[in-house]
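Engineer: when you get a sec, could you give me coordinates for this:
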Amino acid sequence: YDGKCVFCRIARREEPGTALLPCQYEDLVCFRDIRPGAPHHYLVVPVEHMGNCKTLKSEHIPIVKRMMEVGRSVLQKNNFSDLNDVRMGFHWPPFCSISHLHLHVLAPASQLGFLSRLIYRINSYWFIT
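Structural biologist: Now for the predicted structure:
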């Protein structure tokens, strides 16, 4: 736990302004992005402080898969069913503003605006899916 990390504080429910969405795993939390790039834009975050996506190793594959599962689940719970029109990914350092692993879940990807299409561009130098 890093008390200076906003995602650690959100995961521990210490940020009353951020509502957590239902999540099927106790080691993950999900909430709406404060600057949404799409009509549905959620962040899935491990409760335990983890570094950015560059620190991921093969043993982290199960948690990343669960993060994606949570992303799909929250979309379905919010009446978004076209899972072919979804973009999920991580910002690649130094392009991530918060150094706590977080998965961006955006939908519908077909409705991303001009700036969001750049910021969340598939497999760019700054965003990996």
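Engineer: list the helices and strands the longest strand along the chain packs on?
Structural biologist: Counting by DSSP state E, the longest strand found in the chain is strand 40-46. On a contact count with 3 or more CB pairs under 8 Å, 6 or more residues apart in numbering; DSSP states H and E, strand 40-46 meets helix 6-11, strand 28-32, helix 61-77, strand 103-107. Heads up, the C-betas are built off the backbone N, CA and C, glycines and all.
Engineer: my guess is residue 105 contacts residue 43. True?
Structural biologist: Yes: between residue 105 and residue 43 a contact is recorded at 7.3 Å, counting by CB atoms under 8 Å.
Engineer: between the two, who's got more neighbours?
Structural biologist: residue 105 (26 against 22; other CB atoms under 10 Å).
Engineer: excluding sequence neighbours, find me the nearest residue to the more buried one.
Structural biologist: residue 71 (3.6 Å; CB to CB, 6 or more residues apart in numbering).
Engineer: coming back round to it: can you tell me which of the helices and strands packed on strand 40-46 is most buried?
Structural biologist: strand 103-107 (a mean of 24; mean count of other CB atoms under 10 Å).
Engineer: after it comes which helix or strand?
Structural biologist: helix 114-119 (DSSP states H and E).
Engineer: list the buried residues for that following helix?
Structural biologist: Residues 116, 119 are the ones in helix 114-119 that count as buried (16 or more other CB atoms under 10 Å).
Engineer: can you check stretch 79-97 too?
Structural biologist: 80, 86, 87, 88, 89, 90, 91, 92, 96.
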